[in-house]
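Engineer: Predicted model and sequence below, questions to follow.
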Amino acid sequence: MSVSALSPTRLMGSFSGLLQVVSLLGLLLLLFKIVQFFLHRLWLLRALQEFSSPPSHWLFGHLREFQKDQDLQKIRQWVEEFPSAFVLRLQGNDIRVMLYDPDYMKVIMGRSDPKAPGNYKFLAPWIGYGLLLLEGQKWFQHRRMLTPAFHSDILKPYVKLMVDSVQMMLDRWEHVSEDSSLEIFDHISLMTLDTIMKCAFNHQSSVQLDRNSQSYIQAITDVNNLVIYRVRNIFHHNEVFYRLSSKGRLFFHSCQLAKKHTDQVIKLRKAHLQQEGELEKVRSKRRLDFLDILLFAKMEDGSSLSDEDLRAEVDTFMFEGHDTTASGISWILYALAAHPEHQQRCREEIQSILGDGASISWDHLDKMPYTTMCIKEALRIYPPVPSITKKLSKPVTFPDGRSLPKGIILMLSIYGLHHNPNVWQNPEVFDPSRFAPDSDRHSHAFLPFSGGSRNCIGKQFAMNELKVAVALTLLRFELLPDPTRVPIPIPRLVLKSKNGIHLRLKKLQ
């Protein structure tokens, strides 16, 4: 090769030509993406033409209302304006149909459409692919494997463990001044974590006395908020950009803290099973507890559950078994504080059942009809899981004749359903008589634990814990709202309050 062939002028010319080619390819890719975006937008407009949409910004859709934590207020407004469903525009082509009609809910929950990947994939670094995120045959295998953990024979002895955890929390509340208010959610969250650790994971000591448990609760709180923020920020959908952001770093740090807690739970149980006699004792039991089922599980091919699958199921149930229940109990106690006449009637019913006793057993749980009615009414107004998102795997036609094609994202608004005036008369009014034994309602009008084949596997466990917590609390305290701190419900992974849930506690003699 001649020297002139390597001259700076020739090299610069080659570099300039390469730069032009790269620029042209980048421009073509950008044009392709723009065309793809608009073609998809046209497809969405045709697919959703039978459904109305509230007025929205041309670019940001309805996202601005949601970023101001006005989601639930707007949903109540739109539910009144649009029958059965409406089109929700978040950003770009993130467009979905929000459903809140019981007939619509029944159709979708009777199908096997998968969870929408766009939202739920952001949970995977935290809880992995357990029952909440699994789909298809693997979900069916895990569901069938874990169902025996919620048989009544297993749940009965759990009531005493629930009582112990609740009483420990109430003992701490005894030291709260009657002149001050208490933010109850964090206390209740720690109590429900204590309960799930004792019941499902055979934990011997109380996590309410363990400082490490506080860091786990904080990690879950952070993850709760950060997942919602990520869903609403299109720039954070990209994994690389998100990991570089401050919120991304906090999210993955919080996930590590949560997983460290889970790994310790699994490690302790394995160590306990290795003790002489303990393994045979567990194997001789007619039914196994949640974690023991996972540890002894055999899949259809004879293999044991992988460490990844084991941790995912533990992480999933650790979250669903304590955070959703904590939300439910907190809002129930607030609802009773705000409606003293119903609170007193519940208290009298509980006193008539328990007499001078300060405890509660399995046999008592079905003997408190009015308290159960109040619990259900509070769950209606404040559903712990405000919405579920699915992606249609095949076309669907609803009872009113409207149709949607495969690929459309649906948001099943449990909150919208429970506040739908076409389903519930005066839906904002706390009226326990809606759940009287002789009341008549649509099979899919009340879905605090979802519905269909993918309903909450721990529904009965949760209802038992709600009853225990409410009953024992009302026996020891009169609950009063704090008029200076009225809670503002906001949807996170579970229903939270923007400013906490504050109550005043008056000790009863």
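Structural biologist: It's in.
Engineer: which intervals of the stretch 1-150 of the chain have sub-threshold pLDDT?
Structural biologist: For the stretch 1-150 of the chain, applying pLDDT under 70 flags the ranges 1-8, 11-13, 67, 118-119.
Engineer: what about Leu354, distance to Arg476?
Structural biologist: Going from Leu354 to Arg476 by CB to CB, to the nearest Å gives 12 Å. For every residue, glycine as well, the C-beta is placed using N, CA and C.
Engineer: just Cys456 next, same as before
Structural biologist: Computed as CB to CB, the Cys456 to Arg476 distance reads 29 Å.
Engineer: Have a look at those two and say which one is more surrounded.
Structural biologist: When Cys456 and Arg476 are compared for neighbours, Cys456 comes out ahead with 22 against 16, by other CB atoms under 10 Å.
Engineer: Stretch 484-495 spans what distance, first to last residue?
Structural biologist: Terminal residues of stretch 484-495 lie 21 Å apart, using CA to CA, to the nearest Å.
Engineer: who's in contact with it?
Structural biologist: By CB atoms under 8 Å, 6 or more residues apart in numbering, the surrounding residues in contact with stretch 484-495 are 69, 71-72, 123, 181, 223-225, 227-228, 319, 323-324, 326-327, 331, 334, 382-387, 415, 496-502.
Engineer: So for the longest helix along the chain, what gets flagged as buried?
Structural biologist: When secondary structure is assigned using DSSP state H, the longest helix within the chain turns out to be helix 8-47. Under the neighbour-count criterion of 16 or more other CB atoms under 10 Å, helix 8-47 has Leu44, Ala47 buried.
Engineer: So what's the gap between the next helix or strand after it and the chain middle?
Structural biologist: Taking DSSP states H and E as the definition, the helix or strand that follows helix 8-47 towards the C-terminus is helix 63-67. Centroid separation for helix 63-67 versus its chain: 20 Å, with CA atoms, centre = their mean, to the nearest Å.
Engineer: Past helix 63-67, which element shows up next along the chain?
Structural biologist: Sequence-wise, the next helix or strand beyond helix 63-67 is helix 71-81, with elements assigned using DSSP H and E.
Engineer: That following helix - contacts with which helices or strands?
Structural biologist: Contact here means 3 or more CB pairs under 8 Å, 6 or more residues apart in numbering; DSSP states H and E; on that basis helix 71-81 packs against helix 63-67, helix 414-418, strand 489-491.
Engineer: which residues touch the second one?
Structural biologist: This means helix 414-418. With contacts defined as CB under 8 Å, 6+ apart, helix 414-418 is touched by 72, 75-76, 78-79, 98-102, 105, 380-381, 383, 385-388, 423-424, 427, 444-448, 450, 491, 495.
Engineer: Return it as CSV; C-alpha atoms alone will do.
Structural biologist: This file holds the C-alpha atoms of helix 414-418, laid out as CSV (Å, rounded to 0.1, in the frame of the first residue of the first chain):
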residue,chain,number,x,y,z
ILE,A,414,-61.8,-2.8,41.1
TYR,A,415,-62.0,0.7,42.6
GLY,A,416,-64.2,1.9,39.7
LEU,A,417,-66.4,-1.2,40.0
HIS,A,418,-66.9,-0.7,43.7
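Engineer: could you point out which element follows it?
Structural biologist: Toward the C-terminus from helix 414-418 - assigned by DSSP H and E - lies helix 459-476.
Engineer: quick one: strands adjacent to whatever helix or strand comes next after that next one?
Structural biologist: Per DSSP H and E, helix 459-476 leads on to strand 477-481 as the next helix or strand towards the C-terminus. Looking at strand 477-481 with DSSP bridges, its partner strands are strand 502-507 (antiparallel).
Engineer: which other residues reach the partner strand?
Structural biologist: Residues from elsewhere that reach strand 502-507 (CB under 8 Å, 6+ apart): 173-174, 176, 178-184, 333-334, 337, 476-482, 485, 487.
Engineer: and these, which are buried?
Structural biologist: Looks like the contacts of strand 502-507 have 173, 176, 181-184, 333-334, 337, 476-482, 487 buried, using 16+ other CB under 10 Å.
Engineer: picking that back up, right, so of the helices and strands packed on helix 71-81, which gets closest to Gln167?
Structural biologist: Within the helices and strands packed on helix 71-81, the stretch nearest Gln167 is strand 489-491; the backing value is 28.5 Å (CB to CB).
Engineer: Let's test this: mean pLDDT of the next helix-or-strand element following that closest one, rounded?
Structural biologist: Remark: after strand 489-491, the chain's next helix or strand is strand 495-497, criterion DSSP H and E. Average pLDDT, strand 495-497: 96.
Engineer: Next: stretch 248-259.
Structural biologist: The model assigns stretch 248-259 a mean pLDDT of 94.
Engineer: Report the distance from that stretch to the chain centre.
Structural biologist: With CA atoms, centre = their mean as the basis, the distance from the averaged C-alpha position of stretch 248-259 to the chain average is 18 Å.
Engineer: Can you list the buried residues in it?
Structural biologist: Taking 16+ other CB under 10 Å as the basis for neighbour counts, the residues of stretch 248-259 that come out buried are Gly248, Phe251, Ser254, Cys255, Leu257, Ala258, Lys259.
Engineer: Name the SS class of the fourth one, please.
Structural biologist: With DSSP: H, G, I helix; E, B strand; the rest coil as the basis, the three-state label of Cys255 is helix.
Engineer: Just list the residues touching the closest residue to it other than its chain neighbours, thanks.
Structural biologist: Taking CB to CB, 6 or more residues apart in numbering as the measure, Cys255 lies nearest to Trp126, with 4.6 Å between them; neighbours along the chain are not counted. For Trp126, the contact set (CB under 8 Å, 6+ apart) comprises Val223, Val227, Ser254, Cys255, Ala258, Lys259, Asp315, Phe319.
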